[in-house]
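**Student:** My questions concern the predicted model and sequence given below.
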Amino acid sequence: MARSTPMDHESADRISAAAGRDPDSPTATSGFDDRAQEAADRNDAEDRYDYDDYLNE
């Protein structure tokens, strides 16, 4: 089974920046940058716990 990594804001920002640098790119024209940001927002809302706090105990 393939392992997936949830979209985070850092990755979404990187995708948006790339789309902004080249507005004619497939990333920009397909709307992927907007979908990436929406996914990061969803994942942020779902992650109610800061797991780093548990690692440092």
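**Tutor:** Thanks, I have the structure now.

**Student:** In terms of helices and strands, where is the residue lying closest to residue 22 once chain neighbours are set aside?
**Tutor:** If the residues on either side of it in the chain are set aside, residue 22 comes closest to residue 28, at 6.4 Å by Cβ to Cβ, 6 or more residues apart in numbering. Where you see a C-beta, it was placed from the backbone N, CA and C, and this is true even at glycine. In the assignment (DSSP states H and E), residue 28 maps to helix 26-30.

**Student:** still on that earlier bit, for the residue nearest to residue 22, which residues are in contact?
**Tutor:** In this structure, residue 28 makes contact with 19, 20, 22, judged by Cβ atoms under 8 Å, 6 or more residues apart in numbering.

**Student:** Quick one: classify the first one as helix, strand or coil.
**Tutor:** This means residue 19. The three-state assignment at residue 19 reads helix, by DSSP: H, G, I helix; E, B strand; the rest coil.

**Student:** so what's it up against?
**Tutor:** Residues in contact with residue 19 (Cβ under 8 Å, 6+ apart) are 25, 27, 28, 32, 33.

**Student:** Could you rerun that using 7 Å?
**Tutor:** Neighbour list for residue 19: 25, 27, 28, 33 [criterion: Cβ atoms under 7 Å, 6 or more residues apart in numbering].

**Student:** Could I get the full set of helices for the protein?
**Tutor:** Per DSSP state H, the chain has helices spanning 9-21, 26-30, 32-46, 51-55. These are given in chain order.

**Student:** Check which residues of stretch 19-28 are buried.
**Tutor:** Going by neighbour count (16 or more other Cβ atoms under 10 Å), the buried part of stretch 19-28 is 19, 27, 28.

**Student:** Which pLDDT value goes with the last one?
**Tutor:** Listed pLDDT for residue 28 reads 92.

**Student:** likewise the first one?
**Tutor:** For residue 19, the model assigns a pLDDT of 95.

**Student:** Many thanks, I have nothing further to ask.
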